[in-house]
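Novice: how would this look folded up:
(one chain, ligands or ions: 1)
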Amino acid sequence: MISITSPGATAVFTSPATITLTADAKDTDGAIIKVTFYDGTKLLGEDAVAPYTFTWQNVAAGTYAVNAKATDHTGIAAVSKTVNITVNTGLADNRTAVEKYGQLKITGVHVTTPDNQPVQLRGMSLFWSQWMGQFYNAQTVKWLKDDWRSTVVRAAMGVELGGYLTNPTEEKAKVMAVVDAAIAEGLYVIIDWHDHHAQNHLEQSKAFFVDMAIRYGDKPNVIYEIYNEPEGADWNSQIKPYANEVIQAIRAIDPDNIIVVGTPNWSQDVDVAANNPLSYTNIAYALHYYASTHKQSLRNKATVAIDKGLALFVTEFGISEASGTGFLDETEARTWWNFLDQNTISWLNWSVADKNETSAALMPGASGTGNWPEASISRSGRMVRTELKNKNP
Ligand code: MG
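Specialist: Presented below is the predicted three-dimensional model:
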């Protein structure tokens, strides 16, 4: 004889449930060889040693008819009565962003899930890696997820000015610390070639992104940003040819993860890129703004680009002047957020830094490993954190 002793008929579970099934089995003419557990006819698991148990993990909401079979030396000796198990939907959705949205792609003008549902990521950009390397660690990434409710983070790897071109091993290691942490936490992560003259560093950029694609191209978490902000470079003759080469190098290894391309004039002239877009799939175009400087005229450029079919991605914005400091324009910041929400455009705030400037999210001397109390967060940082906590699920 065999019976399921746990769970009882009245047990209630909440998804994603972990249910321990336990059976009591006895055989009058020999030994039990094993007990197998089933949901209907679907095998769940087995146990050869009493007490007979199986831990059923990640059980989704629904109803299940579970039974157990005892096998002795002659075959199936006994089948238990069915226990009906109900798993209710959890009130809170505790899945990570990557569990929710999966492998992102570009569908029309939107970042979407694999089944074409538009996704709006919101999160924080780190500061130039060569100057704020203390924040490039797992603790900060985890804090940005848990306390700030970020669904995406950006590793802004400085290239010139003492960055990757000078210390490639050191700067790449900082990026990898952030990417590895984001993967562990289920966050999306942007690998940003933070450069104003990337067309002058084409071979270094290609080699770097090939390495990143080999390491991370099979991970849904990763988004490549191959040119932060072109300064004075022409789209048709400089930026697009650079992008074509880097994209081709990435695509030879990683066929699908989203690649964000910088646009002329510090990633503002998305309308210019829209007149001659790249021909690859899963490409987004960077739109950067600093709310106290860039206002309706830049939103108009964005609208022109969207109307021409471009998918935009705000990989960086500040609630300050274009310099990164000066006046903090709360009203304009909200106008921008409304615009991005209406168009389902993802955004990352510049920046996780404790520099004494308006756009820095943290006060001078803030911890490099998260755990920031209110007193360590700047006025800009508090505004962004409130928006993240209100808007991100
Ligand atoms: Mg891939």
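Novice: what does this structure have sitting close to the ion?
Specialist: Selection of the chain residues close to the ion by CB under 5 Å from the ion yields 217, 254, 256-257. Glycine gets a C-beta too; all of them are placed from N, C-alpha and C.
Novice: so which of these is the most crowded?
Specialist: Counting neighbours by other CB atoms under 10 Å, residue 257 leads the residues of the chain next to the ion with 23 neighbours.
Novice: how does this protein divide into domains?
Specialist: 2-88, 97-391 (automatic domain parsing).
Novice: tell me which element residue 175 falls in.
Specialist: According to DSSP states H and E, residue 175 maps onto helix 168-185.
Novice: what packs against the helix or strand following that helix?
Specialist: Where DSSP H and E defines the elements, the next helix or strand beyond helix 168-185 is strand 188-194. Judged by 3 or more CB pairs under 8 Å, 6 or more residues apart in numbering; DSSP states H and E, the packing partners of strand 188-194 are strand 122-126, strand 152-158, helix 168-185, helix 202-216, strand 222-225.
Novice: Tell me where the model's unsure across the stretch 1-150 of the chain.
Specialist: Using pLDDT under 70 as the threshold, the predicted model of the stretch 1-150 of the chain has low-confidence ranges 10, 90-92.
Novice: Show me where it has its helices.
Specialist: Secondary structure of the stretch 1-150 of the chain (DSSP state H, counting those that start in this stretch): helices located at 97-101, 138-146.
Novice: In JSON lines: the ones you listed, plus mean neighbour count.
Specialist: Shown next, in JSON lines, are the helices of the stretch 1-150 of the chain (neighbours: other CB atoms under 10 Å):
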{"stretch": "helix 97-101", "mean neighbour count": "18"}
{"stretch": "helix 138-146", "mean neighbour count": "20"}
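Novice: Nearest to residue 283, out of those helices?
Specialist: When the helices of the stretch 1-150 of the chain are compared for distance to residue 283 using CB to CB, the nearest one is helix 97-101, at 18.3 Å.
Novice: Compute the distance from the centre of the closest one to the centre of its chain.
Specialist: Helix 97-101 has its average C-alpha position 7 Å from the chain's average C-alpha position, going by CA atoms, centre = their mean, to the nearest Å.
Novice: cool, and stretch 59-69?
Specialist: With CA atoms, centre = their mean, you get 32 Å for stretch 59-69.
Novice: Residues contacting it, please?
Specialist: 2-4, 13, 15-19, 21, 23, 25, 35-40, 44, 52, 76, 78-90 (CB atoms under 8 Å, 6 or more residues apart in numbering).
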